[in-house]
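Engineer: Make a model of this:
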Amino acid sequence: MIKHEFVICAYKESKYLEDCIISLKKQKKKSNIKLATSTPNNYIENLCNKYQIEMFVNKGEKGIAGDWNFAYSCSDAQYITIAHQDDIYRENYSTEIINTFDKYPHALIAFSDYSELINGNFSDNGFNLKLKRIMLKNLRNHDKAYRIKNKRSAIRLGNAICCPSVTYSKEALCDYEPLFKTGFRSNVDWETWERISRAEGEFLYCNEILMAHRIHEESETSAVIGDNLRSKEDYEMFLKFWNRPVAKVLTKIYSLSEKENNV
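Structural biologist: I've put the predicted structure just below:
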């Protein structure tokens, strides 16, 4: 079995896709790279040919959950990273993530700290990032990262786990496929973390910045914020942890953080 693969989830013609590919090609610990798309075009095909990447076309369910599930299904590796086309990964990402899994072979997911990339500038210490690091403090001790209360502490006040930084254990999560559920647009990943948080196995948090998440006007995050759908989905997620009055208050507070996604 292949130990680790990246599967890039590509959509339309992102000008940042090649930067993502290059960052994966530059990994110190080499992993195979695949690409999944529901919008095949010459631009994506040419990049795949240039970098000798196998391309898979999603002819089934579309949308964020459908595209991510398809990307996940494209790999039979032990560990899978769904790389987002706009983001870039530091050269030691694979090394650190796989080394962490090796120490905790029953873990569900492993993920890292990250920086935000806005208009070409890297931000490592924005307010949202600092807040998320506080929320993740109970997962810093990997020996206790299997505890349900510690896993849920990272997601009960918001989604502190950066989706593109996550690598999944295919075997540990086999009972949870399809991994991503339809019905959400903004919080597809948050819903998944909540659902698998009760399963046996660790959420392994590497508190080192190993990738950069790009925020720009054309990103899905910015689009969702623009149509105000996110608040509705945030409220639905908070109800999984809190009663209605508390969930309403948290939704209002959480919406303030969305301003950092305006570029």
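
Engineer: So what's the residue count around C20?
Structural biologist: 27 (other C-beta atoms under 10 Å). Where you see a C-beta, it was placed from the backbone N, CA and C, and this is true even at glycine.

Engineer: mind checking how far it is from H213?
Structural biologist: C20 sits 11 Å away from H213, going by C-beta to C-beta, to the nearest Å.

Engineer: Quickly list what's touching both of these two.
Structural biologist: Residues touching both C20 and H213 (C-beta atoms under 8 Å, 6 or more residues apart in numbering): 84, 87.

Engineer: ok, now which ones touch S153?
Structural biologist: 135, 138-139.

Engineer: those strands in the stretch 1-150 of the chain, which residues are they?
Structural biologist: Using DSSP state E, counting those that start in this stretch, the strands of the stretch 1-150 of the chain run over residues 4-10, 32-37, 54-57, 79-84, 88-89, 109-118, 121-123.

Engineer: residue contacts, L179?
Structural biologist: Taking C-beta under 8 Å, 6+ apart, one finds 68-69, 72, 168, 173, 192 in contact with L179.

Engineer: same thing but 6 Å
Structural biologist: By C-beta atoms under 6 Å, 6 or more residues apart in numbering, the residues touching L179 are 72, 192.

Engineer: Just name the most buried of the strands of the stretch 1-150 of the chain.
Structural biologist: Of all the strands of the stretch 1-150 of the chain, strand 79-84 has the most neighbours on average by mean count of other C-beta atoms under 10 Å, namely a mean of 26.

Engineer: Report the distance from that one to the chain centre.
Structural biologist: In terms of C-alpha atoms, centre = their mean, to the nearest Å, the centre of strand 79-84 is found 8 Å from the chain centre.

Engineer: Wait, D189 touches P164, no?
Structural biologist: No. D189 lies out of contact with P164 (C-beta atoms under 6 Å); the separation is 9.2 Å.

Engineer: on that earlier part again, scan the contacts of S153 and report the most crowded one.
Structural biologist: Busiest of those [other C-beta under 10 Å] is L139, holding 23 neighbours.

Engineer: Give the bridge partners for A212, please.
Structural biologist: Beta bridges link A212 to I88, S115 when assigned by DSSP bridges.

Engineer: What is the longest helix of the protein by residue count?
Structural biologist: helix 244-256 (DSSP state H).

Engineer: Residues contacting that one, please?
Structural biologist: 158, 231, 234-235, 238-239.

Engineer: let's go with 10 Å and repeat that
Structural biologist: 127-128, 156-159, 225, 228, 230-242 (C-beta atoms under 10 Å, 6 or more residues apart in numbering).

Engineer: where does the stretch 101-250 of the chain dip in pLDDT?
Structural biologist: For the stretch 101-250 of the chain, applying pLDDT under 70 flags the ranges 218-227.

Engineer: and for D189 and P164, which residues touch both?
Structural biologist: By C-beta under 10 Å, 6+ apart, the residues touching both D189 and P164 are I82.

Engineer: thought H84 was touching A10?
Structural biologist: Yes. Assessed by C-beta atoms under 10 Å, H84 is found in contact with A10 at 9.2 Å.

Engineer: what sits in contact with each of these two?
Structural biologist: The contact lists of H84 and A10 share 17, 20, 71, where a contact means C-beta under 10 Å, 6+ apart.

Engineer: and the first one, what does it touch?
Structural biologist: Okay, so that is L17. 8, 10-11, 35, 37, 43-44, 47-48, 84-86.
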